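predicted model follows, preceded by the sequence.
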Amino acid sequence: MKKTLWCGLVLATVLSSCMKDKNLYDEDRVSSKKQEEYNKNFPVKDLDPNQDWSTFGAIKANVTVNEDALETYTIKLYTANPMDEEANPLLLLKADVKNGETFSSTIEIPKDLKSIWAVRLDKHNRCLFKQGTVVGGVVDVVFGDSNSNKRTVTSRAIATRAITAPVLPYTDAEVNSLISKATLVTSGNISTPGTYLVSSGTNLSNLTVSGSDVIVIVQGEVQSANVTNNAQLILNGNQLSAGKLSGTIEISNSLLYVMPGSTFILDRLTVQNNSKVYLKGQDNKQSHITTLSADATSTFINYYG
């Protein structure tokens, strides 16, 4: 028993001696190993301690309405074109603004968003669409004459008078009169002043229309078109004619007027340089635009009057 006790004392003394001579937990070695694993799995270095990781930022939005009627309009701001469902437009703000006034508000938008879309509606839900570019944390959108007198407000206003409907470029009777005098289109390139007709049953590809005195009325089908330099393209579909656009359509400093009964199935519609697009009473569920691109100078008018 004494021998056993002696062996136990010797073992305890040896272990105690080992623990004093060497620490089994090397803090520096473990820390170095952790740092090595961190650098390997997360190679990003030299991070700015002042880095802002937020994906949203605040901008100031100014929306001015200078229309002919002294009325109150509803303004809606969206992250994308509200007519393009695939763009997933999100409503940022809704407010009322009197004619001749500017509504100003601070809104939060994704930092990578370079522009927003503004919609101006009257009490009959007639609406205009415009795109505004974000510059220096500010976006300005003007409906109507930008040089008119205006005052800035941030409160809601109440409508009290009748609202004047937007003026369409042509009445139905005027379009019919143009058709009766039009020259039938036999070429896809039109730049000579005059009124032209793509008649029912006619199919044209890659139509080019250019010039301030050039009007082309489509009762047949056009696949892809480029309309520039103040030219006008009128889509005139009805029970007797197709009035159909498809493919890619580019409108620059020109006018596109889509009449009831017409159909547009577009891969892309590009609208720029002070162009105007009128959609009169569009209820054709077959119509759609896959990609719609428009700059801040262009206007969309949805008319249901």
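That came through fine.

pretty sure Leu128 is touching Val119, no?
Yes - assessed by C-beta atoms under 8 Å, Leu128 is found in contact with Val119 at 7.1 Å. Quick note: C-beta positions are derived from backbone N, CA and C, even for glycine.

more neighbours, these two?
Set Leu128 next to Val119 and count neighbours by other C-beta atoms under 10 Å: Val119 wins out with 25 against 21.

measure the closest residue to the more buried one other than its chain neighbours to Ser275 for me?
Spatial nearest neighbour of Val119, excluding adjacent residues (C-beta to C-beta, 6 or more residues apart in numbering): Lys76 at 4.5 Å. From Lys76 over to Ser275 the distance is 22 Å, taken as C-beta to C-beta, to the nearest Å.

look at these two and report which has more neighbours.
A direct count of neighbours by other C-beta under 10 Å for Lys76 and Ser275 places Ser275 higher, at 23 against 19.

who are the contact partners of the more buried one?
Ser275 is in contact with 251-256, 297-299, counting by C-beta atoms under 8 Å, 6 or more residues apart in numbering.

what about the helices in the stretch 51-200 of the chain?
Applying DSSP state H, counting those that start in this stretch to the stretch 51-200 of the chain gives helices spanning 172-181.

mind checking how far Asn66 is from Val142?
Applying C-beta to C-beta, the value for Asn66 to Val142 is 7 Å.

next one: Ala118
Using C-beta to C-beta, Ala118 is found at 9 Å from Val142.

before we move on, what about Arg268?
For Arg268, the distance to Val142 equals 26 Å [C-beta to C-beta].

which one's more surrounded, these two?
Val142 (19 against 14).

so where's the stretch 1-150 of the chain shaky on pLDDT?
Along the stretch 1-150 of the chain, the model assigns pLDDT under 70 to residues 1-54, 68-69, 85, 145-150.

thinking again about what came up before, what is in contact with Ala118 and Val142 at once?
Contacts common to Ala118 and Val142, judged by C-beta under 8 Å, 6+ apart, are 63, 130.

re the thing from before, and the residue nearest to Val119, what is it in contact with?
Residues near Lys76 by C-beta under 8 Å, 6+ apart: 82, 91, 93-94, 118-119, 121.

beta partners of it?
Beta-bridge pairing of Lys76 under DSSP bridges involves Lys94, Val119.

what does Thr208 give?
Asn189, Asn226.

that one contacts Ile190, doesn't it?
Yes - Thr208 is in contact with Ile190 according to C-beta under 8 Å; the separation is 6.8 Å.

so for those two, which residue has more residues nearby?
A count of neighbours by other C-beta under 10 Å puts Ile190 above the other of Thr208 and Ile190, at 22 against 16.

roughly how far does the more buried one sit from Ser287?
24 Å.

could you do Gln232 as well?
20 Å.

show me the protein divided up by domain.
The chain resolves into domains spanning 56-144, 172-303 when parsed by the TED database.

all helices of the stretch 201-305 of the chain, in order?
Taking DSSP H, counting those that start in this stretch, the stretch 201-305 of the chain contains no helices at all.

need the strands for it, in chain order.
Remark: strands assigned in the stretch 201-305 of the chain by DSSP state E, counting those that start in this stretch are 203-210, 214-218, 221-228, 232-235, 244-252, 255-258, 263-272, 276-280, 288-294, 299-303.

output the longest one as CSV, nothing but the C-alphas.
Only the C-alpha atoms of strand 263-272 are listed here, as CSV (Å, rounded to 0.1, in the frame of the first residue of the first chain):
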residue,chain,number,x,y,z
THR,A,263,-53.2,45.7,-80.9
PHE,A,264,-49.6,46.1,-79.9
ILE,A,265,-47.5,43.1,-79.0
LEU,A,266,-44.0,44.6,-78.5
ASP,A,267,-40.8,43.1,-77.4
ARG,A,268,-39.6,46.6,-76.7
LEU,A,269,-40.9,50.2,-77.0
THR,A,270,-38.4,53.0,-76.7
VAL,A,271,-39.7,56.5,-76.3
GLN,A,272,-37.3,59.5,-76.1
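
mean confidence (pLDDT) on it, please.
Mean per-residue pLDDT for strand 263-272: 87.

whichever of the contacts of Lys76 end up buried, select them in PyMOL.
Here is the PyMOL command that selects the buried residues among the contacts of Lys76 (16 or more other C-beta atoms under 10 Å):
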select buried, resi 82+93+118+119+121
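
make CSV from the contacts of Lys76 and add distance to Ser212 to it.
Listed next are the contacts of Lys76 as CSV, based on distance: C-beta to C-beta, whole Å:
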residue, distance to Ser212
Pro82, 31
Leu91, 38
Leu93, 38
Lys94, 38
Ala118, 28
Val119, 29
Leu121, 31
